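Undergrad: What follows is a predicted structure for the sequence shown.
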Amino acid sequence: MTQLADKPPVKELDKGQRIDLLRQMMLIRRFEEKAAEMYARQRIAGFLHLYIGEEAVGVGAIAALNDDDYLVTHYRDHGHALARGSDPGRVMAELFGKDTGVSRGKGGSMHLFDAQRFFMGGYAIVAGHLPLACGLALASKQLGNGRITVCIFGDGAVNEGEFHEALNLAVVWKLPVIFLCENNFYGMGTDIRQVSAVIEVYKRAQAYAMPAEQVDGMDVLAMYEATQRVARAVRAGDGPVFLEAITYRFRGHSMADPEFYRGKDEVQEWRKHDPIEGFRRTLADEGVLDDAHHQALQADIEEVVNEATRFAEESPFPRPEALYENVYKEGEA
Amino acid sequence: MTQLADKPPVKELDKGQRIDLLRQMMLIRRFEEKAAEMYARQRIAGFLHLYIGEEAVGVGAIAALNDDDYLVTHYRDHGHALARGSDPGRVMAELFGKDTGVSRGKGGSMHLFDAQRFFMGGYAIVAGHLPLACGLALASKQLGNGRITVCIFGDGAVNEGEFHEALNLAVVWKLPVIFLCENNFYGMGTDIRQVSAVIEVYKRAQAYAMPAEQVDGMDVLAMYEATQRVARAVRAGDGPVFLEAITYRFRGHSMADPEFYRGKDEVQEWRKHDPIEGFRRTLADEGVLDDAHHQALQADIEEVVNEATRFAEESPFPRPEALYENVYKEGEA
Amino acid sequence: MPETTFREALRQTLREELLEDERVVLMGEDIGAYGGSYAVTKGFLDEFGPDRIRDTPISESVVVGCGIGAAMGGLRPVVELMTINFSLLAFDQIVNNASKLYYMSGGQINVPLVIRMASGAGSQLGAQHSHSLEGWYAHIPGLKVAVPYTPADARGLLKTAMRDPNPVIFIEHTALYARKGDVPDGDYRIPFGQAEVYREGKDVTLIGYSGSVYQANGAADLLAKEGAEAEVINLRTLRPLDVETIVASVRKTHRAVVVEDDWKFGGFAGEIATIIMEQAFDDLDAPVARVCGADVPMPYAKELERAALPNERQIADAALELV
Amino acid sequence: MPETTFREALRQTLREELLEDERVVLMGEDIGAYGGSYAVTKGFLDEFGPDRIRDTPISESVVVGCGIGAAMGGLRPVVELMTINFSLLAFDQIVNNASKLYYMSGGQINVPLVIRMASGAGSQLGAQHSHSLEGWYAHIPGLKVAVPYTPADARGLLKTAMRDPNPVIFIEHTALYARKGDVPDGDYRIPFGQAEVYREGKDVTLIGYSGSVYQANGAADLLAKEGAEAEVINLRTLRPLDVETIVASVRKTHRAVVVEDDWKFGGFAGEIATIIMEQAFDDLDAPVARVCGADVPMPYAKELERAALPNERQIADAALELV
Ligand SMILES: Cc1ncc(C[n+]2csc(CCOP(=O)(O)OP(=O)(O)O)c2C)c(N)n1
Ligand SMILES: Cc1ncc(C[n+]2csc(CCOP(=O)(O)OP(=O)(O)O)c2C)c(N)n1
Ligand SMILES: [Mg+2]
Ligand SMILES: [Mg+2]
């Protein structure tokens, strides 16, 4: 199942593939708008972190990977799971805490897992998953299965000690990892300028002599291009690479966020760079996607999201016995 | 008691002061040779980490500080305490685990404390004291007492997450700290080249836009010069500075070290750069110190060390009740 | 005695301390611009400025270590760790530095530091965000651990913590922030090591702390309906622990149930049960019972989470089994 | 059954595992060029090379996290943390990732990882290097905790740990490395959750694990001279805990003393004592006694350290008080 062949360079993407990138972003957007609605209707609880505004980062990057490349990410993970191909119904069911959810209702929004798709989970301890990425990459290297690991985290994770330890180890052991930082300028309510000695995050990688670059995270093709290119080098055994995606979160940190820390105007300014609307226009200008086609896409996605919500709604909750299941695995390793 | 005035530039050091630098290095060397002897005679137990070969780093740096500047260091701390002026008898008594020891026999070799001299301790968790340095510096800044904090650690500490967190915070809050790394190329038995992505340690500071430089740690005057110069800037409020002292440990990591990991020839090569013999020659060449004077120094130091050992030997062990003392401080803060 | 919330009691007390003592400095993630993840420090940044209300990077280890160093250097820092879950990243600083400095230095250096952290589960935050680990802190000599239940506790224990020359772990159960109660004003302090008999009874002693006093008290209501008078003890601090009050109550009721959100196996409830056995063995009519969290990582699903936490009915039933 | 040391038993067993399964990889500080701080991995680097014997930076958190990820990715990693003191820096990885992944993922991802760490005090290493915190690991659902005492335990429990699909914390008391004993060769495995009745007796049950079995047994010798027959139990694993063997013994002797190096207050000894009370209350002639470490950070001075650790005489006296 390992596909050593890399994904095609961005210029070789055909119309269908490019429209699919738009479709994926639209799906994530709509899915999360619905999730927010369901949160308000108390179908979903706990923390719900929306990816709205950042869709191009995950969609562009993940499309450039092989299906069996490992993915580990933080708690803002709906978009990453959907981009990896997880079933929207099972993801929504997880948010609802249903037994049919990708994590059987035990993980919730912050802990989506889909091991079949090599989606190794969303993690809620900031930077706590970076070390796991090193380990997954070490395993791939040792087992020679040609897989690379992509680890997604935010600008806030960069000041955790584990960020430092993980980047150093990845370089020292030449591990096949892409560290992908979603720099949306805020860690919860804290402005990166207030807490980071160096705010161009990619420069932090210099301390480890790790190749690093900044990418426009509002441009899905730019994300695809950069990821596809560095993935080849990483898969070839050149060691880890660091990508900083410049992006912005249009919504609050989580559903509870009063957003005292940033101005409405700043948010408005960024909304002008909406990655979905922007890419739709590009495709329209290029004559790849006309309005009729776009409306058809919207309608189709509306249907998928409604179906996913219906599925979640109608699915059963975990049985009471489930409480004590999956604490330990039986048998031998 | 705060002395805002800085120490004089290196070229203004008079003969007496320069001879004293030599004397301090000689004292540390002799003190530790005796400690090793006492360890063999089981007067001292636990871990004993000798500073032999690295004396110029601590002596040069500490001489360039004010007496009330804070000092925090790692477990290889005898040299630092003696350079700060702690009584050799009380330091030896601590190694003996006596009640007269600087830490009342409760700390041991790795945990020398002399708060009166603003020597805020030796710490045994690698990099665990870097955060404390930030705090001491924050207090000085907030209280406006003009003190700076010098934090000494090894090359092995730079891969700990706390190193990263501390350097970032120090820059963000513009804290008056000098981070002084004693790069002796090995962390216990591990060669820095095996575990550090970037082996020129001072370059790690770039990730935080912290001024950094490399200093010859076998040259006591070079250490004094660099420390005196950066201490002025740090005290003036320019923020933290990073110093990397290139040095070498002539003995094993601790008394138990079989030293499989490095060649005898390498050690021999470095011994040629003995900081004490080198500086003695310089002073001799300059006519500052003749053989007679040097022998007098040696005799004097022999006496000091013997006296310190006698004091330690004759001092009482802590009373049994001491076990339960100093767990909690009584009264109000 | 104006009525106010647990959150507001903390806020007012911290504010008074900031006004009273220049050396008091607050540090933590999102305590400034964001206003505190549980709004305890709301408005402080504007009132006291960025030098005293310090938003930190997401770097728990250096945040706590910096608090320790600042305390060594003469400040009276209050570190907010957002939640106890993240304190695991600062564990080494707390265990190896804060708790040991006074001892290791032979009494030369003490650490007057307060570390606040929200604790507890119950709002479907999942396995990594639902810990109740205060028992671990109570295990460490050199630390003190405050576990307020009422808004009055919040004020009285925080005032005491702020004047303690030793490091204090201050636990705030998230379920309590919005709860109201009378709070004495002025220099109201609750000494550490003095539990409160929250409710008197003669048939069984229900022992809780922080959030679990609520379930214990609810169980006492059920028991009252079912004809048993339960005494409810609010421990207030775990270290020092008020053994006297616990033992005195058990000598009277001859039965005890310890209630704790944390996992039972190897948890702090076992310490309380053992101390009761050690000191009131002959007074016990039955073994001390424990009602604690289920021995599983916390699940997200609402009903599973509910089933994983101690509830009134379980506690009442455990008590009835002893009677 | 050749006689060998605890250290050598571990070394041979690890070597066999490395030879048998390509997926076995060792990672840790100074396990390669240095030969292991306790010489357990001596010679491995030469025999198996740097890909399988991986010297790591001093970065406990990523070392453990990398071990977890490697296990997720199909390897059978063994992480050596040098000592349990440094595991505090990897605590978040162990508590929040290793122990919870199988549950959080709804059973999709398990973590077959062994984390070895030296534990215990007694050689004057001071406060920061003398912890015995295995009880904390035993508190965490999702982990298993092995605490070998004899060289045979070392081999048998490590073999079992290497085949467990779950994360195992493997504790090696530093006082045991040089101790000798008979070690069965071949595929010798000791199932987790089966304590050993190390010595039979009818008057009192002395319960220990890891290093403390030694003091318990020494106390049994003293008691024998003083006319009491003590039964000594070697727990072998703390999680799972062999409650049956403990309770069966107490049913016979009616008295128990739990011995633990760690601090008593809030320690694991309290769990054992409570379980005995819960399950054998009517068989107990006296409260279960605990002999544990003194409630202080570990002092350096030899005599103070000795006084801070449980010793034969204290244990014997505690037992005699019950008889
Ligand atoms: C170790 C840790 N500290 C604090 C938190 C609380 N917290 C959750 S998300 C967050 C901000 C993270 O910001 P960033 O990494 O930039 O990701 P973003 O939310 O912006 O996508 C914080 C502080 C946490 N989950 N883990
Ligand atoms: C957190 C932690 N991990 C591991 C150790 C064990 N250890 C003690 S000293 C040492 C090497 C430190 O090397 P370095 O920082 O270069 O200082 P040096 O001994 O060379 O002066 C190690 C790994 C420790 N004390 N603390
Ligand atoms: Mg962010
Ligand atoms: Mg070194």
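TA: Yep, it's here. Ligands and ions are numbered 1, 2, ... in the order given.
Undergrad: okay, now residue C:74: neighbour count?
TA: When neighbours are defined as other Cβ atoms under 10 Å in any protein chain shown, residue C:74 has 14 of them. Where C-beta positions appear, they are placed from N, C-alpha and C, glycine not excepted.
Undergrad: cool, and residue A:137?
TA: For residue A:137, the neighbour count with other Cβ under 10 Å is 30.
Undergrad: cool, and residue A:101?
TA: With other Cβ under 10 Å as criterion, residue A:101 counts 27.
Undergrad: Who are the contact partners of the residue lying closest to it once chain neighbours are set aside?
TA: Of all residues not flanking residue A:101 in the chain, residue A:94 sits nearest, at 3.0 Å (Cβ to Cβ, 6 or more residues apart in numbering or on different chains). For residue A:94, the contact set (Cβ atoms under 8 Å, 6 or more residues apart in numbering or on different chains) comprises A:101, A:102, A:103, A:105, A:107, A:108, A:109, A:112, C:300.
Undergrad: Apply 7 Å and report the result again.
TA: A:101, A:102, A:103, A:105, A:107, A:108, A:112 (Cβ atoms under 7 Å, 6 or more residues apart in numbering or on different chains).
Undergrad: Ok, residue A:133 next?
TA: Counted by Cβ under 7 Å, 6+ apart, residue A:133 has contacts A:72, A:149, A:151, A:166, A:177, D:69.
Undergrad: List only buried entries from those.
TA: With burial judged by 16 or more other Cβ atoms under 10 Å in any protein chain shown, the buried subset of these is A:72, A:149, A:151, A:166, A:177, D:69.
Undergrad: Give the helix, strand or coil label for the third one.
TA: The three-state label for residue A:151, taken from DSSP: H, G, I helix; E, B strand; the rest coil, comes out as strand.
Undergrad: ranges for the helices of the stretch 51-200 of chain A?
TA: A:55-63, A:78-83, A:88-95, A:130-143, A:161-172, A:192-195 (DSSP state H, counting those that start in this stretch).
Undergrad: Out of those, which is closest to residue D:191?
TA: Among these, the nearest to residue D:191 by Cβ to Cβ is helix A:130-143 (28.1 Å).
Undergrad: looking at the helices of the stretch 51-200 of chain A, which has the lowest confidence?
TA: Out of these, helix A:192-195 stands lowest, with a mean of 95 (criterion: mean pLDDT).
Undergrad: what's the average pLDDT for the next helix or strand after that helix?
TA: Toward the C-terminus, helix A:192-195 is succeeded by strand A:212-216 as the next helix or strand (DSSP states H and E). Regarding strand A:212-216, the rounded mean pLDDT is 98.
Undergrad: CA atoms of the helix or strand following strand A:212-216 as CSV?
TA: Going down the chain from strand A:212-216, the next helix or strand is helix A:220-235, by DSSP H and E. Extracted in CSV, the C-alpha atoms of helix A:220-235 (Å, rounded to 0.1, in the frame of the first residue of the first chain):
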residue,chain,number,x,y,z
VAL,A,220,-4.3,26.7,-1.4
LEU,A,221,-2.0,26.3,-4.4
ALA,A,222,0.9,27.9,-2.7
MET,A,223,0.4,25.4,0.2
TYR,A,224,0.2,22.5,-2.2
GLU,A,225,3.3,23.7,-4.1
ALA,A,226,5.5,24.1,-1.1
THR,A,227,4.4,20.9,0.6
GLN,A,228,4.7,18.8,-2.6
ARG,A,229,8.2,20.1,-3.2
VAL,A,230,9.5,19.6,0.4
ALA,A,231,7.7,16.3,0.7
ARG,A,232,9.9,15.0,-2.1
ALA,A,233,13.1,16.1,-0.4
VAL,A,234,12.0,14.7,3.0
ARG,A,235,10.9,11.4,1.4
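Undergrad: Tell me the confidence at residue 39?
TA: Defaulting to chain A. With respect to pLDDT, residue A:39 has a value of 98.
Undergrad: The chain in question should be chain C.
TA: At residue C:39, the model reports a pLDDT of 96.
Undergrad: The nearest residue to it once chain neighbours are set aside sits in which helix or strand?
TA: In this structure, residue C:39 finds its nearest non-sequential neighbour in residue C:7, 6.3 Å apart by Cβ to Cβ, 6+ apart. Using DSSP H and E, residue C:7 sits in helix C:6-20.
Undergrad: what mean pLDDT does that helix have?
TA: The model assigns helix C:6-20 a mean pLDDT of 98.
Undergrad: Go through it and flag the buried ones.
TA: Buried, per 16+ other Cβ under 10 Å, within helix C:6-20: C:6, C:7, C:8, C:9, C:10, C:11, C:12, C:13, C:14, C:16, C:17, C:18.
Undergrad: Relative to ligand 4, which residue of the stretch 201-333 of chain A is the closest?
TA: Nearest to ligand 4 in the stretch 201-333 of chain A, going by Cβ to the ion, is residue A:207, at a distance of 18.5 Å.
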